[in-house]
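*Asks:* Sharing a model that was predicted from the sequence below.
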Amino acid sequence: MAKKPENKIIVVGGGLSGLMATLKICEGGGKVDLFSYCPVKRSHSLCAQGGINACMDTKGEHDSIYEHFDDTVYGGDFLADQLAVKGMVEAAPKLIKMFDRMGVPFTRTAEGVLDLRNFGGQKNKRTVFAGSTTGQQLLYALDEQVRRWEVKGGVKKYEFWEFIKIIKNKEGICRGIVAQNMNSNEIVSFPADVVILATGGPGQVYGRCTASTICNGSAVSAVYQQGAELGNPEFLQIHPTAIPGSDKNRLMSEACRGEGGRVWVYRKNPQTGEKERWYFLEDMYPAYGNLVPRDVASRAIYKVVVHMGLGMHNPNRVYLDLSHIPADYLERKLGGILEMYSDFMGQDPRKVPMEIFPSIHYSMGGIWVDREHHTNIPGLLASGECDYQYHGANRLGANSLLSATYSGTISGPESLRLARSGKLGSPLTQEELEAARQECVAEFDKIRNMNGPENAHKLHHELGDIMYKYVSIERDNNGLKECVKELKEILKRWDNIGVTDHGTWANQEAMFVRQLRNMIIYAMAITQSALQRDESRGAHAKIVLKSDYDKMDDQLKEALTKKYGKFHFDAETGRGTTDDGNDDLVFFERNDKKFMRTTIVTFDQEKEEPVVSYREFEHSLIKPRLRNYAVAKKE
Ligand SMILES: Cc1cc2nc3c(=O)[nH]c(=O)nc-3n(C[C@H](O)[C@H](O)[C@H](O)COP(=O)(O)OP(=O)(O)OC[C@H]3O[C@@H](n4cnc5c(N)ncnc54)[C@H](O)[C@@H]3O)c2cc1C
């Protein structure tokens, strides 16, 4: 009997999504070449602290899958594909049971049932956790399972290899990749039936962020430049509670607030004039208090610190306070991260309030995929944080470990189905593989020999500073236009970088220079899509300028007056500011009629510029309503 052809899938990325996809492919009888910058069990998923959402309802709160669905769609400000979200929340309890069977040491109550904690934007306790090292426990469990397949010959790992680009066949179908060994610097082409990208988020585009230094978005940018569409790249999550650092920002998980942590600053009591603690989130959002979603909390902290000048110390911080909670309870629930704070800050958060500020954390946007995780390039799938699915305009905390693992359970089997469909066109020829390899070798040699005056790391810092300045918590069209200009300049300056290491062994400097170009191009896609989205939705909050207001139709103008009352435009900045004595900024309202659409960004090869358009998506299950966390959620 003829031997059945073996299906070979390339999975790039060994975080939760890549490992889950790998496991599912092996279980389905396929073989995997698995690529990662680092040993897969050191992937960024390891850093996840707080937990993973699933309706387990072990607290008798009558939590329901529907409630999880609604919280996610509402939290995402109605920009997530609702059928995709429904699939994810329905699968969540089964995934937890699967991880439990794999031996993940989830924290349990004294009775032995799964413990749950609160997380932002959800009234019910729904977050399953393993102390404050949940990501590590999940990743190690999947790593163990994948190793079993590795021993059986189903998986070949390429750790310390960098993905450079995909290779398409004559029919334009993705049938392989080019990757580089980070030690020997050897560049090799790898053929496959199908390729899955699970390369995580792009935090490094902003320089200092809570994510690992390998979360650079370079792979996503590379396939974007080869024709993959990006979805909603303007939606970057800024986490409210990070420890700012000169090298990187470090997260203090939302679990702190989930376990009772309170955010405050000092202020003068408006009535008595006495100095007092102001628990401003509890004041501004009585229904959710410290557990408002991240976009809302970050904006409030920014307002209190930057606009009201109430931040502590210099640079400005607010307090995240756990000191009122018994130390043994904190140890059991949050031990891992409290130790981290003590190590980096030299203070014990069990005794004194922590000092925190918002930081870039996560990308809701990424490679556009359909519900089966196909990109628009046939033969290329994407899953995990690198795709755009599930979180709309704002992700709820603890929904990402869920989307990363769940999407792997979709992309894995789907890649096998595609591999067996007979719709892959012709396999890559030796000539095609070699041509793709040669192209990357030539590019690397060119980078290795760059000898201009610019320093790549300095340029990266500048890139991050620009992105923080113009495309973070508050955005406006003048700033975004300026950002587009400055990014073009940075891209030009990239050509004048000087590389100090011209060698061909472990030349990570040259590899970084290649990544940097990809980061700049990704930054341009983020900025251009932010510029074109003239509304505020989730993490994208845009201030109204006089020039915007003058172009608005009467209906939009009326909506602003209804919300803000009288306002004027600042003579210097052109920004709308209220006349009610609070000097609040005036933001665009959410505009469902025009912008309840997915942003699609394609790359114009010739101009090296992003091209923005919009696409309809499925939102028929839950009718859009205004998001307001000052009051309890209404359905
Ligand atoms: C500090 C922190 C705490 C978090 N805590 C939580 C939490 O408690 N709950 C929650 O739900 N979410 C949390 N998140 C978010 C969550 O951790 C991530 O979104 C999720 O783990 C992403 O998983 P992933 O598999 O998509 O990617 P990752 O785990 O980032 O894995 C990406 C993989 O791709 C590889 N890779 C990338 N580029 C290349 C390339 N060019 N070549 C080769 N390999 C490449 C990497 O080596 C890695 O193996 C947290 C995030 C941060 C920053």
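*Replies:* Right, received. Where do you want to start? Predicted model, so just to flag it, every value in this text is computed and none were measured. Numbers count the residues shown, from 1 in each chain.
*Asks:* Quick one: classify the residue in the stretch 101-250 of the chain that the ligand sits nearest to as helix, strand or coil.
*Replies:* Nearest residue of the stretch 101-250 of the chain to the ligand: Gly200, at 2.4 Å (CB to the nearest ligand atom). Where you see a C-beta, it was placed from the backbone N, CA and C, and this is true even at glycine. Secondary structure, DSSP: H, G, I helix; E, B strand; the rest coil: Gly200 is coil.
*Asks:* Quick check: the gap between it and Gln137.
*Replies:* Distance of Gly200 to Gln137, computed by CB to CB, to the nearest Å: 18 Å.
*Asks:* Between these two, which has more neighbouring residues?
*Replies:* In terms of neighbours (other CB atoms under 10 Å), Gly200 is the more surrounded of Gly200 and Gln137; the figures are 31 against 21.
*Asks:* picking up where we left off before, check the residue of the stretch 101-250 of the chain closest to the ligand and give its pLDDT.
*Replies:* If you check Gly200, the pLDDT there is 98.
*Asks:* so who does it touch?
*Replies:* If a contact means CB atoms under 8 Å, 6 or more residues apart in numbering, then Gly200 has Gly13, Gly15, Ser43, His44, Ser45, Ala211, Ile214, Cys215, Gly384, Glu385, Cys386 as its contacts.
*Asks:* Quick check, the residue in the stretch 1-150 of the chain closest to the ligand?
*Replies:* When scored by CB to the nearest ligand atom, the stretch 1-150 of the chain has Gly15 as its residue closest to the ligand, at 2.1 Å.
*Asks:* which residues touch that residue?
*Replies:* If you count contacts by CB under 8 Å, 6+ apart, Gly15 has them with Val40, Ser43, His44, Ser45, Leu139, Ala198, Gly200, Gly384, Glu385, Ala404.
*Asks:* which ones are touching the second one?
*Replies:* Just to be clear, that refers to Ser43. Gly13, Gly14, Gly15, Leu16, Gly18, Ser36, Leu139, Gly200.
*Asks:* at 6 Å what do you get?
*Replies:* With contact taken as CB atoms under 6 Å, 6 or more residues apart in numbering, Ser43 is in contact with Gly14, Gly15.
*Asks:* The fifth one too?
*Replies:* Residues in contact with Leu139 (CB under 6 Å, 6+ apart) are Leu16, Lys41, Ser45, Leu46.
*Asks:* The residue in the stretch 501-635 of the chain that the ligand sits nearest to: what secondary structure?
*Replies:* Nearest residue of the stretch 501-635 of the chain to the ligand (CB to the nearest ligand atom) works out as Gln515 at 7.6 Å. When classified by three-state DSSP, Gln515 comes out as helix.
*Asks:* same deal with Ser132?
*Replies:* Put simply, Ser132 is coil when judged by three-state DSSP.
*Asks:* what's the neighbour count on it?
*Replies:* Counted with other CB under 10 Å, the neighbours of Ser132 add up to 26.
*Asks:* Would you mind confirming that it is in contact with Gln49?
*Replies:* Yes. If you go by CB atoms under 6 Å, Ser132 and Gln49 touch, sitting 4.7 Å apart.
*Asks:* any shared contact partners between those two?
*Replies:* What both Ser132 and Gln49 touch, as defined by CB under 6 Å, 6+ apart, is the set Ile337.
*Asks:* so the residue of the stretch 501-635 of the chain closest to the ligand touches Cys215, yeah?
*Replies:* No. With contact defined as CB under 6 Å, Gln515 and Cys215 do not form a contacting pair (11.0 Å).
*Asks:* So which of these two has more stuff around it?
*Replies:* Per other CB under 10 Å, whichever of Gln515 and Cys215 has more neighbours is Cys215, with 25 against 22.
*Asks:* Do I have it right that the more buried one meets Gly201?
*Replies:* Yes. Between Cys215 and Gly201 there is a contact at 4.9 Å, judged by CB under 6 Å.
*Asks:* For Pro39, give me its contacts.
*Replies:* Pro39 neighbours (CB under 6 Å, 6+ apart): Glu159.
*Asks:* can you count the residues close to Lys594?
*Replies:* 11.
*Asks:* Backbone dihedrals for it, please?
*Replies:* phi -100, psi -40 (degrees, to the nearest 10).
*Asks:* for Asn496, same thing?
*Replies:* Torsion angles, degrees, to the nearest 10, at Asn496: phi -100, psi 20.
*Asks:* Residue ranges of each domain in the chain, please.
*Replies:* The chain breaks down into these domains under automatic domain parsing: 13-237+361-423, 239-358, 546-586.
*Asks:* Could you look over the ones you listed and pick the most buried one?
*Replies:* Of all the domains of the chain, domain 13-237+361-423 carries the top mean neighbour count, a mean of 23, counting by mean count of other CB atoms under 10 Å.
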